[in-house]
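Visitor: prediction below, plus the sequence it came from.
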Amino acid sequence: MNFKHKFVFLFPGLFVLIGILIFPIIFTIRLSFSGWNSYTPEMNFIGITNYIRLFTDDPRFWESFFRLSFLSVTTVILQYIIGFSLALMVWRDIKFKRFFRVMFLIPMMTTPVIMTVIWRTFFHESLGPVNDLLGTFGIGPKWLSDPATAKITVIIVEVWQWTPFMFLLLLAGLLSLPKEPFLAAAIDGASAFRKFVFVTFPLMAPISIGAIIIRLIEASKIMDTVFVLTSGGPGTATETSSFYIYIKGLREFQMGYAATLSFTYLVIMIISLTIIAKVLTKLMIKE
Amino acid sequence: MKIIKTYVTVLISTLLVFSPVAYADKWSDQFPHIKATGDIPGECSYESMSKKDYSGKTLKINTHAVPVMGEPTALHAEQFAKLTGAKVDVTHTPAGDLYAKAMVPFQAGQAPYDIVFGFSNFINDWKRYLEPVPKKYTEMRQMKDVTKSHIGVASWDGVMYQFPVDGDRHYLKYRKDVIDNPKYQKKYKADTGKELRVPRTWKEYGEIASYFNGWDWDGDGEPEYGSAEVMKKDDLMYAAFFSRSVAYSKNPRTPGGFFFDLDTMKPLINNPGFVEALTDWVEATKYVPPGGINFGLGDEIGSFGGGQTLFSFSWDDALIAAMQDDSPIKNKVAAAPLPGADRVWNRMTNRWENQYNQAPYIVWGWAVGVAKKSKVKEMAFDYLCFFANDANHQADLAIGRFGVNPFKKSDFDPNIYIDTMGWDPEIAKSYTDTLLEMEEKSKNRVFPLRVPGVFEFTSAVATGTSKALAGQLSPQEALDEVAKEWEAILNRVGKDNVKAAYAVGVAMEDNKL
């Protein structure tokens, strides 16, 4: 048997990789150097014109990027805290443990776009049930029409939708922890709080970092929630990078410029997430 | 007895042969959608289509999501398939994606759809990929009935690229039971010292809307509000802004451009006329229902159509929804021209002219064309012709959610609405008079912007004005930002390209076409 034949088996995977990853990235990079739009639909070459425009004359992209950073970091922190709390709760031997475990996962099983439509109906300021209920106490927040409150509304929906994912990962982590450190802590008479701080949390650190990074990657693509809930408004108060790229690419049909935004965004995200992962590792995992 | 039987037989036979009603019923039995009128003879009537044979052929259509335009597209596709034997595949697409869904294959040289629905202001970007409507259709009786304005909207430089299936313009809708109510007229006069009447100006609109905002004036136990408007960013809000701007900025004494100065191509979007309109609009956030700043077109239709507000202005749909049989406010609403202004900006003298001005906005609407690369063009045009035949059109007009609005001269006969839809004669007349005035009589109309890269221009307007509505920028700052963006777009697209296209629209506005 010819030893080299084993490489033949790599080809299917390689073709898929090239087809769905390498080619789109190379095509996007090439597109980013073109002026492809609705009136010049061609892959012409305009050099770094799009990049100059992005870095010198497009504050809206950078505003949307910083807004996205705020939204994604806030939502992931909240998801981590709530998800960890819920996981700790059902990790113990409590009544209806299985019921709670399934119930906590329900939001993640629903279709995000449909759930966002339902949330939008809940938060509708004149017809929605939330303000109807709050109206009995004499309050009626502007859930979607005030720039500050609209951000909070987006955070609420994102946290509701994706906390179960965090819960699932962290529960799996908790269930896989070794029992010995907890027995040792119990013999030493450690309180529940000390057990959490000095045993559970450090042991969970690698899984926590993984879960946070996965959620940060997902959260940095917030699009459907913003699209359905606020359309980036009021004004540009909830506009995120992905929504802005969508507007430039598929609403205004500035394909070349949208490719520039996409590629720049990809590079920024790779660098940022690498730094965040390193910082989290340093903070959470002690040698 | 035999003589009587003979007479009865002859009488019935005569009725069947010569009576148009009896003739029409043959089709309305099979197609209940046209039960109010039956088939109406014409080049693309049910009878005519039934003689075509498209068996074995497939027609692919990309249209809007249901119900607006999507529902009539699917319904007429099903009817067309039954009549001709064709197979018709209908794809439904959200409004925001209609442009891209057609444009991507167009640019790639493909034709996954034979028929593409979109908006009439796509025409400049789409026309090179669309088949001009053949002479056979442009010269038929059905087409001769289309108003001159909508022939212009569907055409570019005299060539028709879009088949007229819908007509659109923005006008005012109001609650007649309030504005004409002597009790409220007296109360309003006592409280404000002013007459309660259909507003002639946007300032008056704001005053009346503010007065009737936040209290239960129709006695249903719920508070009502002043106005429902399309204010949600990117959800057609720019069209609402232009409706409010025309009164202040479309000066009949300064021809040569409403959006740009055609000579210099300087954007006019931040001149004092537009700023005044945006200032009014920011004020309007105080008299819309809670959350009204996030109202898209659907919300506006539901809000006014459901009896939540006193005023509304935009397309026909809200009025039609209010006048449907199941509406709680049927025959309690009426139509009027868009409000005007007591002063209008003169961009030549850079001064306000203190005289009343009003300008109709013939806003863009639904449009549809046949792909140049389609292999079944004849069938595609036959389908569109069938879609808009008189029987289908009159039946579609009566259903608010269909989004099909008047665009034929015969649509301006109030009896259509009185006889087939049960409208109060006075309301039907207010409706047809308003439309007729805008379509045929006014010489100070504004047509939609139809230039290369139109989406970039309108998107910039949506972003700027929404920032002002949200309080992020002042009206002047917001429109200065829009003007700066428009300059940048002009530079990218090329001033000459935009100018050449814009000149066509300006010629229509200046009554030269």
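Guide: Alright, I've got the coordinates.

Visitor: switch to C-alpha atoms for all contacts and neighbour counts from now on
Guide: Will do.

Visitor: is any part of the longest helix that chain B contains close to chain A?
Guide: The longest helix of chain B (DSSP state H) is helix B:475-493. Yes: looking at helix B:475-493 against chain A by C-alpha under 8 Å from any C-alpha of the partner chain, the contacts come from residue B:493.

Visitor: quick one: mean pLDDT for that helix?
Guide: For helix B:475-493, the mean pLDDT works out to 96.

Visitor: for residue A:164, see how far away the residue in chain A that chain B sits nearest to is.
Guide: Residue nearest to chain B within chain A (C-alpha to the nearest C-alpha): residue A:235, separated by 3.9 Å. Distance of residue A:235 to residue A:164, computed by C-alpha to C-alpha, to the nearest Å: 31 Å.

Visitor: now residue B:188
Guide: For residue B:188, the distance to residue A:164 - C-alpha to C-alpha - is 56 Å.

Visitor: so which bits of chain A are right by chain B?
Guide: Counting by C-alpha under 8 Å from any C-alpha, the residues of chain A near chain B are A:38-39, A:41, A:124-126, A:142-147, A:230-236, A:250-253.

Visitor: would you write a PyMOL line that selects the buried entries of these?
Guide: This is how PyMOL selects the buried members of the residues of chain A next to chain B, with burial counted by 16 or more other C-alpha atoms under 10 Å in any protein chain shown:
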select buried, chain A and resi 38+39+41+124+125+126+142+143+144+145+146+147+230+231+232+233+234+235+236+250+251+252+253
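
Visitor: show me the shaky parts of chain B.
Guide: B:1-25, B:235 (pLDDT under 70).

Visitor: what residue in it comes nearest to chain A?
Guide: residue B:467 (3.9 Å).

Visitor: with just CA atoms, put the host helix or strand of that residue into CSV.
Guide: Per DSSP states H and E, residue B:467 falls inside helix B:454-469. Taking Å, rounded to 0.1, in the frame of the first residue of the first chain, the C-alpha atoms of helix B:454-469 are listed here in CSV:
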residue,chain,number,x,y,z
VAL,B,454,-31.0,55.9,-4.2
PHE,B,455,-30.8,53.7,-1.2
GLU,B,456,-27.7,55.4,0.0
PHE,B,457,-29.4,58.8,-0.1
THR,B,458,-32.6,57.6,1.6
SER,B,459,-30.7,55.6,4.2
ALA,B,460,-28.7,58.7,5.1
VAL,B,461,-32.0,60.6,5.5
ALA,B,462,-33.4,57.9,7.8
THR,B,463,-30.3,57.9,9.9
GLY,B,464,-30.2,61.6,10.3
THR,B,465,-33.8,62.2,10.9
SER,B,466,-34.0,59.3,13.4
LYS,B,467,-31.2,60.9,15.4
ALA,B,468,-33.2,64.1,15.6
LEU,B,469,-36.3,62.3,16.7
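
Visitor: residues touching residue B:385, list them.
Guide: The contact partners of residue B:385, taken as C-alpha atoms under 8 Å, 6 or more residues apart in numbering or on different chains, are B:44, B:137, B:163.

Visitor: ok now the host helix or strand of it, how far from the chain's centre?
Guide: Taking DSSP H and E as the criterion, residue B:385 maps to helix B:377-387. Distance, stretch centre to chain centre, for helix B:377-387: 22 Å (C-alpha atoms, centre = their mean, to the nearest Å).

Visitor: in that helix, what's buried?
Guide: B:377, B:379, B:380, B:381, B:382, B:383, B:384, B:385, B:386, B:387.

Visitor: who are the contact partners of the fifth one?
Guide: Residues near residue B:382 by C-alpha under 8 Å, 6+ apart: B:44, B:49.

Visitor: how near is it to residue B:288?
Guide: From residue B:382 to residue B:288 the distance is 44 Å (C-alpha to C-alpha).

Visitor: and residue A:236, which of the three is it?
Guide: Applying DSSP: H, G, I helix; E, B strand; the rest coil to residue A:236 yields a three-state assignment of coil.

Visitor: ok, now which ones touch it?
Guide: Per C-alpha under 8 Å, 6+ apart, neighbours of residue A:236: B:463, B:466, B:467.

Visitor: what segments of the stretch 151-287 of chain A are helices?
Guide: Secondary structure of the stretch 151-287 of chain A (DSSP state H, counting those that start in this stretch): helices at A:180-187, A:192-195, A:201-219, A:224-229, A:241-246, A:255-284.

Visitor: quick one: the third one to helix A:255-284, angle?
Guide: Helix A:201-219 and helix A:255-284 meet at an angle of 170 degrees, taking axes from the mean of the first three to the mean of the last three C-alpha atoms, to 10 degrees as the criterion.

Visitor: pull out the buried residues from helix A:201-219.
Guide: A:201, A:203-205, A:207-213, A:215-216, A:219.

Visitor: same deal with the shortest one?
Guide: Counting neighbours by 16+ other C-alpha under 10 Å, one finds that the buried residues in helix A:192-195 are residue A:195.

Visitor: good, we can wrap up now.
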